[in-house]
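Visitor: here are the coordinates; sequence isn't available:
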């Protein structure tokens, strides 16, 4: 299975160094959940605010559900202002 993961804003620091842009394609021999895919980037959970799956908001309760081949995850951090 292959999925794309897009990290935005300050989360881009967790992308592999050779990444161009903000998107990485992940390959897995077996099914992955959203949480398992994001764990590969070692992003602290408190840094993640919004996750979209194929353009639709993915609530925290659904983040352990299996992804499908070709899915795209978009991940945004909590934005803080002052």
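Guide: The structure has been received and is ready for your questions. This structure is a prediction, so every number in the text was calculated from the model and none was measured.

Visitor: residue 31 contacts residue 66, correct?
Guide: Yes - the criterion here is C-beta atoms under 8 Å, and residue 31 meets it with residue 66 at 4.5 Å. Where you see a C-beta, it was placed from the backbone N, CA and C, and this is true even at glycine.

Visitor: any stretches of the chain with poor pLDDT?
Guide: Counting by pLDDT under 70, the chain contains low-confidence residues at 80-82.

Visitor: what ranges does it have for its strands?
Guide: Remark: strands assigned in the chain by DSSP state E are 2-7, 23-27, 48-53, 56-57, 72-77.

Visitor: how far does the third one sit from its chain's centre?
Guide: Okay, so that is strand 48-53. Average the C-alpha atoms of strand 48-53, do the same for its chain, and the two points are 7 Å apart (C-alpha atoms, centre = their mean, to the nearest Å).

Visitor: what about the closest residue to residue 2 other than its chain neighbours, how many residues nearby?
Guide: For residue 2, the nearest residue in space outside its immediate sequence neighbours is residue 27; the separation is 5.2 Å by C-beta to C-beta, 6 or more residues apart in numbering. Neighbourhood size, residue 27 [other C-beta atoms under 10 Å]: 8.

Visitor: deepest-packed of the strands of the chain, please.
Guide: strand 72-77 (a mean of 20; mean count of other C-beta atoms under 10 Å).
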